[in-house]
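Trainee: Need the 3D shape of this:
(chains A and B)
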There are 2 protein chains.
Amino acid sequence: MTDVDMLIDGEAVSQVPATDRGLHYGDGLFETIAVLDGQPVLWPEHHARLVDGCARLGLPAPAADILEAEIGALSRGHARAVVKVVVTRGSGGRGYAPPPEPVPMRLVARYPWPEYPTEWLEQGVRVRTCRTRLGCNPALAGIKHLNRLEHVLARAEWDDPDIAEGLMCDSAGNVIEGTMSNVFCVHGGVLRTPQLSRCGVAGIMRAQLLQFAEAAGVVVEQTDLSLAAIAGADEVLLCNSLIGAWRVRELDGRSLAPGPVAQALAERLRARWPL
Amino acid sequence: MTDVDMLIDGEAVSQVPATDRGLHYGDGLFETIAVLDGQPVLWPEHHARLVDGCARLGLPAPAADILEAEIGALSRGHARAVVKVVVTRGSGGRGYAPPPEPVPMRLVARYPWPEYPTEWLEQGVRVRTCRTRLGCNPALAGIKHLNRLEHVLARAEWDDPDIAEGLMCDSAGNVIEGTMSNVFCVHGGVLRTPQLSRCGVAGIMRAQLLQFAEAAGVVVEQTDLSLAAIAGADEVLLCNSLIGAWRVRELDGRSLAPGPVAQALAERLRARWPL
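Mentor: Numbering: from 1, shown residues only, chains lettered A, B, ... in the order given. Reported below is the predicted structural model:
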């Protein structure tokens, strides 16, 4: 077991150049990965999203094998860990103009596993809706970029530790995601989740749930969903790479009954990865 | 004259903690300030905008006298310099949730004066329109926060060194600003500039130009302006804290004739500050 919890461009340091474009512009991407016994869960999917994000932002993606080795080195000896990978366009360029040949900065950091109350997993979570909206920009939709002020402001709206998550809407009032999760709901057996063409993060666990549902013969729709549509659903579910899936048992103070679809998906997911 | 070109929390270092929320979320603000003979131009205005931005993001603002001393120390011996001030929410907090009592990080850095071609000032500039749109979010509109990926992507759209600036529209097609400047246009003697309630940066020089124009008896409007409205204007003008004001002589390949209003404002501004 090593004491090092961070590698920057492969070196065991804990500072980055103050000229980094990640700091100045949020010019980069990140991945938050569950690592179980040294194995990054859904690693090919995380790396693929990172590669896609790098292509969208026009910066070279770090090689999978380098990242894999660094994640392994940092998480060795930890039964469960969170590893965050940050890739920025590095330093340089004049103002906003990116350097013609960027030298990306790569940060891999291990964090303690988040200890959420066990009843959140077993009995579901209480959720609120946030006032802070998500701006729409198809150029940035889907990817996990470093411009996250909207999420910070939304998460700052509550400090009640019994509220697990806050839902965020876009400016038109469509529910897009939670501050740290994707959202699903069930109407009459049909599983629906917000389509993310204008904003939102296309979560790795979201894609898994969609696959699981389709494999189980559940009808799935990626569509626009109003807050009323979510609030009036038979079941609501949140997911991300660390929590797996949580059933929503209360939304803005209103109780939601447990239901079979969310339950089955959450169990299927838990059977696959003991998050 | 000192060799130090950067102070981080008052210390002459060039790295920041890799845990800084500015890097991870763009959770902070910045100011770009012209410093002439050690005097930051429009300093009270820059500091006021920074204080406003800190209030909007819910983080403590650095004291004016500390920043002033640091700007002075860095720019001593330089006839003209650019100083950038970055303030972030510092490190800490769990995920997006801000720490209850943030310890902000303060970065003050001196950069060389940008050497734009002199004919840009004298004869005007060539400007294009960018495909990259600005997402709308009133919660972030006006302030100079660190979520600047849209501006990076817009600025990456061209590398012709003869194009001085690119105009950015919001998702509805209203022109909002240039990638690094605010925009004004003149229609029949009326000076118009985009209103910035949904997105865009409320520039310090923009406010000065508005004041100058009003003092000179020019009718001024802050309003929604389509690209067609800008393209069909009698005069178009760009401004920021470093360039002062540039007349636009060509927009997307179409020539714009010089005109009296832009000319008078640019000269008034140049007489006040020899940028």
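
Trainee: is chain B contacted by whatever helix or strand A:Thr32 lives in?
Mentor: Take DSSP states H and E as the rule and A:Thr32 turns out to sit in strand A:28-36. Yes. Counting by C-beta under 8 Å from any C-beta of the partner chain, chain B is contacted by strand A:28-36 at A:Phe30. Placement of C-beta: from N, CA and C, glycine included.

Trainee: following that strand, which helix or strand comes up?
Mentor: Immediately after strand A:28-36, counting by DSSP H and E, sits strand A:39-40.

Trainee: How about the residue in chain A positioned nearest to chain B, nearest residue that isn't a chain neighbour?
Mentor: Using C-beta to the nearest C-beta, the single residue of chain A nearest to chain B is A:Gly135, 2.9 Å away. Leaving out its chain neighbours, the residue that sits closest to A:Gly135 by C-beta to C-beta, 6 or more residues apart in numbering or on different chains is B:Gly135, at 2.9 Å.

Trainee: ok, the one you found touching A:His145?
Mentor: No. Using C-beta atoms under 8 Å, B:Gly135 makes no contact with A:His145, being 12.0 Å away.

Trainee: coming back round to it: you'd agree the residue of chain A closest to chain B is up against A:Cys199?
Mentor: Yes. Applying C-beta under 8 Å, one finds A:Gly135 in contact with A:Cys199, separated by 6.6 Å.

Trainee: Could you tell me which residues touch both of those two?
Mentor: By the contact definition C-beta atoms under 8 Å, 6 or more residues apart in numbering or on different chains, A:Gly135 and A:Cys199 are jointly contacted by A:170, B:135.

Trainee: B:Gly135 and A:His145: which has the busier surroundings?
Mentor: B:Gly135 (27 against 20; other C-beta atoms under 10 Å in any protein chain shown).

Trainee: tell me the contacts of the more buried one?
Mentor: Shown in contact with B:Gly135 (C-beta under 8 Å, 6+ apart): A:135-137, A:140, A:199, B:150, B:170-171, B:199.

Trainee: Mind checking which of these land in strands?
Mentor: Per DSSP state E, strands hold no members of these.

Trainee: nearest to A:Ala164, of those residues?
Mentor: Nearest to A:Ala164, judged by C-beta to C-beta, of the contacts of B:Gly135 is A:Cys199 at 21.8 Å.

Trainee: Could you find the closest non-adjacent residue to the closest one?
Mentor: For A:Cys199, the spatially nearest residue (C-beta to C-beta, 6+ apart) is A:Leu134, at 4.4 Å.

Trainee: contacting residues around A:Pro138?
Mentor: If you count contacts by C-beta under 8 Å, 6+ apart, then A:Pro138 has A:197-198, B:133 around it.

Trainee: go with 10 Å
Mentor: Contacts for A:Pro138 (C-beta atoms under 10 Å, 6 or more residues apart in numbering or on different chains) come out as A:196-199, B:132-133, B:135, B:171.

Trainee: Please tell me how far it sits from A:Glu31.
Mentor: 21 Å (C-beta to C-beta, to the nearest Å).

Trainee: Please identify the buried residues of the helix or strand in which A:Ala73 is found?
Mentor: In this assignment (DSSP H and E), A:Ala73 forms part of helix A:64-75. By 16 or more other C-beta atoms under 10 Å in any protein chain shown, the buried positions in helix A:64-75 come out as A:67, A:70-71, A:73-75.

Trainee: that older thread, quick one: distance of the strand holding A:Thr32 to the chain centre.
Mentor: With C-alpha atoms, centre = their mean, to the nearest Å as the basis, strand A:28-36 stands 8 Å off its chain's centre.

Trainee: for stretch A:207-226, same thing?
Mentor: On C-alpha atoms, centre = their mean, the centre of stretch A:207-226 falls 17 Å from that of its chain.

Trainee: now stretch A:120-133
Mentor: With C-alpha atoms, centre = their mean, you get 15 Å for stretch A:120-133.

Trainee: That stretch: end-to-end distance?
Mentor: One end of stretch A:120-133 sits 26 Å from the other (C-alpha to C-alpha, to the nearest Å).

Trainee: Quickly check: it near chain B or not.
Mentor: Yes. Under the criterion of C-beta under 10 Å from any C-beta of the partner chain, chain B is reached by stretch A:120-133 at A:131-133.

Trainee: buried subset of those?
Mentor: Using 16+ other C-beta under 10 Å, the buried members of the residues of stretch A:120-133 next to chain B are A:132-133.

Trainee: which parts of stretch A:94-101 are buried?
Mentor: Taking 16+ other C-beta under 10 Å as the criterion, stretch A:94-101 shows A:95-98 as buried.
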